[in-house]
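Participant: Coordinates only, no sequence provided:
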């Protein structure tokens, strides 16, 4: 995008994700931004996105460093789709000296908690291409950054708590702002014009997120998330589950085991699913012990 002045009002970094290039996310950035914004939308290499994430982080970091040097007084906005948002979490974590210049950071369908699809490909986390990187839980990074930078995570639900690739739960983390849209598949979040209003609204009113509310549902969700091997998932198999514990506030804990022996857990309130996750076979025993402890607490 051309700006009317040699000194733009903002720098907007728009980053594509896995198996993609900058064309679509660049078009979304141009449609959402004004003429006083300089857009930087690097294409990091379609094939490279299948290999490892660390070289992509280094390349993006170098591009950002040069741009910030060229425009030393200009604040920046960040827009990242899917893995593109994860790349920027890593870049910002490596460069806290840039945080004061960040006006806002928006994630579009980014699997911050660790992609469940990636963990299916690389269940042991041994590093099968970018699957090992995408399956990594980065909630601690996002939560840390969100306490200093206005950060918005936008998720889409096309049914059963998923956008077709990334689960709604996977986009959540403490201290960040969070917004849900409906009916937009994962890939379309990088170009669908319905994404423009929430992006522009946050740019107009960037804000730090609230601290986590100390409630019973949040306590139980955090407890489940922290279990070894726990992976966020959708709730399409909730009707097959059985209730194993009941809590105050009409909260119920359900479990279900699929034909492969993989144990799923669902936390619900008034028949609405608050959290869905599963562990692999390696962590079944530790999950069982944790569920027994949770059941005792419910008595």
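Facilitator: Yes, it's here. It should be emphasised that the depicted structure is a prediction, and the values quoted were computed from it without experimental measurement. Numbers count the residues shown, from 1 in each chain.
Participant: Neighbours of residue 95, how many?
Facilitator: A total of 13 residues lie near residue 95 under the criterion other C-beta atoms under 10 Å. For the C-beta atoms, the positions are set from N, CA and C on the backbone; glycine is no exception.
Participant: ok, now residue 13?
Facilitator: Neighbour tally, residue 13, other C-beta under 10 Å: 26.
Participant: Please name the bridge partners of it.
Facilitator: Note on residue 13: beta-bridge partners by DSSP bridges are residue 40, residue 78.
Participant: quick one, what contacts it?
Facilitator: Shown in contact with residue 13 (C-beta atoms under 8 Å, 6 or more residues apart in numbering): 40, 41, 64, 67, 76, 77, 78, 79, 88.
Participant: Check the gap between it and residue 65 for me.
Facilitator: 12 Å (C-beta to C-beta, to the nearest Å).
Participant: For this structure, which segments are assigned as strands?
Facilitator: Remark: strands assigned in the chain by DSSP state E are 10-15, 37-40, 76-81, 102-108, 151-157, 177-182, 231-232, 242-247, 251-257, 263-269, 272-279.
Participant: among the ones you listed, which is the most enclosed?
Facilitator: strand 231-232 (a mean of 27; mean count of other C-beta atoms under 10 Å).
Participant: so how far is that strand from its chain's centroid?
Facilitator: 12 Å (C-alpha atoms, centre = their mean, to the nearest Å).
Participant: helices or strands next to it in the packing?
Facilitator: helix 116-121, strand 272-279 (3 or more C-beta pairs under 8 Å, 6 or more residues apart in numbering; DSSP states H and E).
Participant: Now with 10 Å, please.
Facilitator: helix 116-121, helix 216-225, strand 272-279 (3 or more C-beta pairs under 10 Å, 6 or more residues apart in numbering; DSSP states H and E).
Participant: Return the member of those having the minimum mean pLDDT.
Facilitator: Lowest mean pLDDT within those: helix 116-121, at a mean of 76.
Participant: Poorly predicted segments of this structure, please.
Facilitator: 1-5, 122-127, 299 (pLDDT under 70).
Participant: if we go to 90?
Facilitator: 1-7, 51, 114-133, 135-136, 212-214, 228-229, 260-261, 271, 280-284, 295-299 (pLDDT under 90).
Participant: how about the helices in it?
Facilitator: 22-32, 54-70, 83-94, 116-121, 131-134, 139-146, 196-204, 216-225, 284-298 (DSSP state H).
Participant: Quick one, which of the ones you listed gets closest to residue 236.
Facilitator: helix 116-121 (12.1 Å; C-beta to C-beta).
Participant: Which strands or helices does the closest one pack on?
Facilitator: helix 131-134, strand 231-232, strand 272-279.
Participant: Columns distance to residue 212 on top of these, output as JSON lines?
Facilitator: As requested, these are exported to JSON lines (distance: least, C-beta to C-beta, whole Å):
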{"stretch": "helix 131-134", "distance to residue 212": "25"}
{"stretch": "strand 231-232", "distance to residue 212": "17"}
{"stretch": "strand 272-279", "distance to residue 212": "14"}
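Participant: Out of those, which gets nearest to residue 196?
Facilitator: helix 131-134 (26.3 Å).
Participant: list the helices and strands the closest one packs on?
Facilitator: helix 54-70, helix 83-94, helix 116-121.
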